[in-house]
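Undergrad: Here's a sequence, model it:
(chains A and B)
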Protein chains: 2
Amino acid sequence: MLSASILRPIPVALLGLGGVGKAVLSQLLSPPLSAQFQLVLIANSRLSLSLPLPAAPITPANFQSILEKHGAPLDVTSVISVLSTHPDAPGIFIDCTGSDAIPAMYPQILSMGVHIVTPNKKGLSSSEALYKAIAEKSFPNTPSLLYGESTVGAGLPIIQTLKDLVATGDEIEKIEGVFSGTLSYIFNEFSKPGGGDVKFSEVVKVAKEKGYTEPDPRDDLSGIDVARKLSILARLVPTVPALPEGYASIPTQSLVPDVLSDASTKEEYLERLEEGDEFFANLREEAKKEGQVVRYVGVIDIKSGKVEAKLDKYPADHALATGLKGSDNIVSFTTKRYSPRPLIIQGAGAGADVTAMGVTSDMVKIYERLAVSRI
Amino acid sequence: MLSASILRPIPVALLGLGGVGKAVLSQLLSPPLSAQFQLVLIANSRLSLSLPLPAAPITPANFQSILEKHGAPLDVTSVISVLSTHPDAPGIFIDCTGSDAIPAMYPQILSMGVHIVTPNKKGLSSSEALYKAIAEKSFPNTPSLLYGESTVGAGLPIIQTLKDLVATGDEIEKIEGVFSGTLSYIFNEFSKPGGGDVKFSEVVKVAKEKGYTEPDPRDDLSGIDVARKLSILARLVPTVPALPEGYASIPTQSLVPDVLSDASTKEEYLERLEEGDEFFANLREEAKKEGQVVRYVGVIDIKSGKVEAKLDKYPADHALATGLKGSDNIVSFTTKRYSPRPLIIQGAGAGADVTAMGVTSDMVKIYERLAVSRI
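TA: Take a look at the predicted model:
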């Protein structure tokens, strides 16, 4: 048998070296991926480093210090040209940044023939104008591929499954799920089937201590992360009307209660967190009386025409109640074919390793698509 | 924007026109798939019909009678040559038969450059010799693609997810699931968390009446269908030892109790079904005492080195107990990245429409792989 490396390794530039970027780097430097991809550049928000180095290879342990010592100022335009003019071009541009500026360049990157893989939600969940510009410059309109499986559910096969349902002619009726690992953890702890009376503020504090929240928990509690994911999924469903402003066009319930909306700093907010406890305790009590639990969900409901991110109540034996544990995501697709019982995908929906897996599995799909024509 | 049909439609031959084959035909004749694929031949086990017809096009309503009236005797070798010599070759050979003979020809079909998509488990779950011969003649060793997503879990993305985990360097620790829609239904009814004392024979009879079982329920109760699916998954996990005889190398518990093993006909078996009730009632009682329920599962456990299909007991709050309903399949992947909580996929794992979707989504992947090189 031939080895798995039937193409020369595809050149790759990795931008963004936070938690996910580091995990992508680590997966790319290890078998089996190290035979299929060749890192030609890594960069953080300031500095870039061309590879391979003349001396020893980089490793997950040494890249940081080498980048700081030998890095040149990052120039994204020259990164694109490295990938489009490489002898083994076209290469793959991996955007592991949280930047708005880089997604604005996706149309330009794609029109240079370069492929993009990204866990960055910004490009796919912002204005319809940007989304259309990206679509126009990517497959099937050009040979340039853009994959963003890891923008929703990290490594869980959510986007691919939705694409498969649509591409084979199924009709989406409802997509419903818990899309935020942080909010999954908070409500799984706060509102358990038959569960106790822990305070909301306490759960948020523990979540913050465990590193499950953003440095400012309001970034999770705003619901915007969920709205961004919903807009990415909604745009794949032909029967959902356009979202002119992307996530900002989606009604999104904030979990920062009115009494706390005037907290001006993260510190003040965290200090006054208990002022919101009554609001959440009342919600939980109300649900409990009906044998239900509270969850923060994203819903795309074709029949009612609604796309929204909100608190809702679910019976204790519902998949979103009992089955959900820890900080797992869960997504339920109800379709013409998958009804009355939905197709359900569940598992860790956040974390560096599984998000990186979403990135690298997209890269493998690009590798395979390019390989068929070259055997 | 360009339309989705960037390639000329790929020529397709569809063999096998039972429930799944008919549903595939129906999906291929409807948008969006009708723009991407062109049926050049359909066939049942006896007759084949070349398409398009000079008069009106075939439809899901009329193909049966046209085939009976105008069909020629099926000659698989000439089907292959139609697909490999077509002006838009290479085409796709869809094996929706339950035949052993056609999978034995896969190496020959692939070596003619023709792609294969199949829900037929026989080729991938039989001898290691056949499996290796198929692998040698398909991607990445040749440009010929073979996809069998629908052999396990129908349209659920089980095989693709396992491939993604392995290809990105994750380490599989355990795969565990309910892989048979029939056995899912039977045990979900027979052994409910906190549930009653319905007789096993009654549940099997209802399942048969509802059309959930094969004409002879022993074909489901033998566990061989589960063992075949396990062997297909096990062969995708690099750390599982070879299975020289495929499914037959997997320890498989039969649910035909000893007292009924001498029933020589289906009729005698069904008549005497109640003789097995005590055996299953005892199992359920034993599980109940421990707060557990009984499920028929397939397990690939890397640590213990065991691959087996068997009855097992699960706590009432386990995903395989509470969460599972109707005739759904559920598969749980525990890996280095997905632990302690697994990645779970659940939904209808049998039925013509969802199985056909597994077939047609594989076809879309072939279309996309061929399209990149031709834009």
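
Undergrad: what residues does the stretch 201-350 of chain A put near chain B?
TA: A:317, A:319, A:322-323, A:325-326, A:328, A:337-338, A:341-348 (CB under 8 Å from any CB of the partner chain). For glycine as for every other residue, the C-beta is placed from the backbone atoms N, C-alpha and C.

Undergrad: what's around A:Pro238, how many residues?
TA: For A:Pro238, the count of nearby residues is 9 (other CB atoms under 10 Å in any protein chain shown).

Undergrad: okay, the angle between the helix with the most length in chain A and helix B:352-371?
TA: In chain A, assigned by DSSP state H, the helix with the most residues is helix A:352-371. Helix A:352-371 runs at 60 degrees relative to helix B:352-371, counting by axes from the mean of the first three to the mean of the last three CA atoms, to 10 degrees.

Undergrad: can helix A:352-371 be found next to chain B?
TA: Yes - Helix A:352-371 lies within reach of chain B by CB under 8 Å from any CB, at A:Asp353, A:Val354, A:Met357, A:Thr360, A:Ser361, A:Val364, A:Glu368, A:Arg369, A:Leu370, A:Ala371.

Undergrad: what's the domain layout of chain A?
TA: A:10-154+A:353-373, A:158-350 (the TED database).

Undergrad: now the ones you listed as CSV including mean pLDDT and distance to B:Pro257?
TA: As requested, these are exported to CSV (pLDDT from 0 to 100; distance: least, CB to CB, whole Å):
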stretch, mean pLDDT, distance to B:Pro257
domain A:10-154+A:353-373, 96, 43
domain A:158-350, 94, 30
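
Undergrad: neighbours around A:Pro87, how many?
TA: 6.

Undergrad: next one: phi and psi at it?
TA: Backbone geometry at A:Pro87, expressed as degrees, to the nearest 10, gives phi -60, psi -30.

Undergrad: cool, and A:Gln292?
TA: The phi/psi pair for A:Gln292 (degrees, to the nearest 10) is phi -120, psi 170.

Undergrad: again, but for A:Pro257
TA: Dihedral angles (degrees, to the nearest 10) for A:Pro257: phi -60, psi 160.

Undergrad: Ok, A:Ile116 next?
TA: Torsion angles, degrees, to the nearest 10, at A:Ile116: phi -130, psi 140.

Undergrad: which ones are touching it?
TA: By CB atoms under 8 Å, 6 or more residues apart in numbering or on different chains, the contact set of A:Ile116 is A:Ile92, A:Phe93, A:Ile94, A:Asp95, A:Tyr106, A:Ile109, A:Leu110, A:Ser138, A:Ser144, A:Leu145, A:Leu146, A:Tyr147.

Undergrad: Out of these, which is nearest to chain B?
TA: A:Leu145 (7.1 Å; CB to the nearest CB).

Undergrad: quick one: the closest one and A:Gly298, what's the gap?
TA: 26 Å (CB to CB, to the nearest Å).

Undergrad: Comparing the two, which shows the higher neighbour count?
TA: Set A:Leu145 next to A:Gly298 and count neighbours by other CB under 10 Å: A:Gly298 wins out with 29 against 23.

Undergrad: quick one on the thing from earlier: of the domains of chain A, give the one that comes closest to B:Ser30.
TA: Closest to B:Ser30 of those is domain A:158-350 (CB to CB; 5.5 Å).

Undergrad: Determine how far the closest one lies from the middle of the whole chain.
TA: 14 Å (CA atoms, centre = their mean, to the nearest Å).

Undergrad: again, but for stretch A:89-100
TA: Per CA atoms, centre = their mean, the centroid offset for stretch A:89-100 relative to its chain is 14 Å.

Undergrad: what residues does it touch?
TA: By CB under 8 Å, 6+ apart, stretch A:89-100 touches A:10-18, A:20-21, A:24, A:37, A:40, A:45, A:79-80, A:82-84, A:102-103, A:109, A:112-120, A:122-123, A:126, A:144, A:359, A:363, A:366.

Undergrad: which residues does the most centrally placed residue in chain A contact?
TA: What sits nearest the mean C-alpha location of chain A, by CA atoms, centre = their mean, is A:Thr151, with 2.3 Å. With contacts defined as CB under 8 Å, 6+ apart, A:Thr151 is in contact with A:Thr118, A:Pro119, A:Asn120, A:Lys121, A:Leu124, A:Ser125, A:Ile159, A:Arg228, A:Lys229, A:Ile232.

Undergrad: Mind checking what helix or strand follows the helix or strand hosting A:Ser65 in sequence?
TA: Assigned by DSSP states H and E, A:Ser65 belongs to helix A:63-70. For helix A:63-70, the succeeding helix or strand toward the C-terminus, using DSSP H and E, is strand A:72-73.
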